[in-house]
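1. got a structure for you, letters missing:
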């Protein structure tokens, strides 16, 4: 037996104290008393948001604009075939300046010239002004 246990032999086997007015606290609740205190609650989320990167929307050159129009016209000509395309487009960030580029692949159902949208068979819509690149598969 080590010296520490020997020092507390007089109390080690005593019955646990119980209160007559308060219920026994669970081990989980007792442990919660010793959890570290987060004085700056939410500060981590702010740091993560600040460090999240966004990009500026790319302005199309004349050549890129011409190529995009050719591909849109080709899609319109073959719309009855529901051509499969991959579209890289800009999505504006809701919280800060800029956004990000995403790519979506699917079959085009129609090109709406009134709302200026590319509408896919699964009803996903992309604004034509946000399109950077179209690849016809």
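-> Arrived safely, thanks for sending. Values in this document were obtained by computation on a predicted structure and should not be read as measured data.

2. roughly how far apart are residue 68 and residue 109?
-> Per Cβ to Cβ, to the nearest Å, residue 68 is found 19 Å from residue 109. Quick note: C-beta positions are derived from backbone N, CA and C, even for glycine.

3. Now do whichever strand or helix holds residue 109: everything it contacts.
-> In this structure, residue 109 sits in strand 99-112 according to DSSP states H and E. Here strand 99-112 makes contact (Cβ atoms under 8 Å, 6 or more residues apart in numbering) with 54-55, 57, 72, 75-76, 79, 82-93, 117-124, 126, 128, 132, 137.

4. what pLDDT, on average, does that strand get?
-> The pLDDT scores in strand 99-112 average 97.

5. just stretch 10-24 next, same as before
-> Averaged over stretch 10-24, pLDDT sits at 79.

6. elements contacting the helix or strand following the strand holding residue 109?
-> Next helix or strand after strand 99-112 toward the C-terminus (DSSP H and E): strand 117-120. Here strand 117-120 touches strand 99-112, strand 125-127, going by 3 or more Cβ pairs under 8 Å, 6 or more residues apart in numbering; DSSP states H and E.

7. Can you say which of those is nearest to residue 23?
-> Closest to residue 23 of the helices and strands packed on strand 117-120, according to Cβ to Cβ: strand 99-112, at 52.6 Å.

8. Buried residues, that closest one. List them.
-> Along strand 99-112, these residues count as buried under the neighbour rule (16 or more other Cβ atoms under 10 Å): 99, 106, 108, 109, 111.

9. One more: stretch 82-95?
-> Neighbour-count burial for stretch 82-95, counted by 16+ other Cβ under 10 Å, picks out 83, 85, 87, 88, 89, 90.
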